[in-house]
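> With the input below, show me the fold.
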Amino acid sequence: MSKSVSELANLIFAYYPKLRKMYRNLVSIKDIPLSLTQLTCLYIINENDELSMSELASDLCMSNQQLTKVVDALVEFEMVERVCDEKNRRKFYASIAPKGRELLQSLKEEVDKKLGYVLRKKSDDELDKLYSAMEFIASYFGYKSTTE
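Numbering: from 1, shown residues only. Sure, this is the predicted structure:
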């Protein structure tokens, strides 16, 4: 490897705050004060029909106790539903509610529009390079493209 792990870490530290800020600017949640953690949780639940609380906690790299607060807020906002396991009444699953699915769809439309504006002056070649780079990073961290 021509670059050191330390140089990679420095690059991540340098761009992550800017990436987070850009994402936050692209996603405006006007009526519901969702945090990025809650929004990420909602997205993960939506991508999976239903997840146990333990699976969800693992995906978010947080404890079950921390996750409970996140899911409680999403349930309160009617974005997520808790479903009790019929075989083990102590086990719960998180499932996306219609209101949560609608919110994610409207946010995706908003991001599409705003990102189109932000990238409007970029050439097709630049956009292709950006897409390839982001797709590579996403695949490295386990994202499987739906276009494959």
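
> which residue sits closest to Ile96, ignoring its sequence neighbours?
Asn46 (4.7 Å; C-beta to C-beta, 6 or more residues apart in numbering). In this view, the C-beta of every residue, glycine as well, is placed from N, C-alpha and C.

> Can you give me the distance of the one you found to Arg20?
From Asn46 over to Arg20 the distance is 20 Å, taken as C-beta to C-beta, to the nearest Å.

> Which one's more surrounded, those two?
Ranked by neighbour count (other C-beta atoms under 10 Å), Asn46 and Arg20 place Asn46 first, with 17 against 11.

> and the gap between the more buried one and Leu103?
10 Å.

> By mean pLDDT, point me to the weakest helix or strand of the chain.
helix 5-26 (a mean of 81; mean pLDDT, DSSP states H and E).

> Go ahead and name everything in contact with that helix.
With contacts defined as C-beta atoms under 8 Å, 6 or more residues apart in numbering, helix 5-26 is touched by Leu36, Glu110, Val111, Lys114, Leu115, Val118.

> just to revisit the earlier point, give me every residue that touches the residue nearest to Ile96.
Asn46 neighbours (C-beta under 8 Å, 6+ apart): Ile96, Gly100, Arg101, Leu104.

> taking these one by one, which sit in strands?
Under the assignment DSSP state E, these contribute Ile96 to strands.

> ok, so of the contacts of Asn46, who is nearest Asp72?
Of all the contacts of Asn46, Gly100 has the smallest distance to Asp72: 14.0 Å, by C-beta to C-beta.

> Which residues are in contact with the closest one?
Applying C-beta under 8 Å, 6+ apart to Gly100 gives the contacts Leu42, Ile45, Asn46, Leu74, Glu78, Met79, Val80.

> Just give the number of residues close to Val118.
Neighbour number of Val118 under other C-beta under 10 Å is 12.

> Leaving out chain neighbours, which residue sits closest to the residue nearest the centre of the chain?
Closest residue to the average C-alpha location of the chain: Thr40 at 3.5 Å, with C-alpha atoms, centre = their mean. Using C-beta to C-beta, 6+ apart and skipping residues adjacent in sequence, the residue nearest Thr40 is Leu60, 6.7 Å away.

> With that, I have no additional questions.
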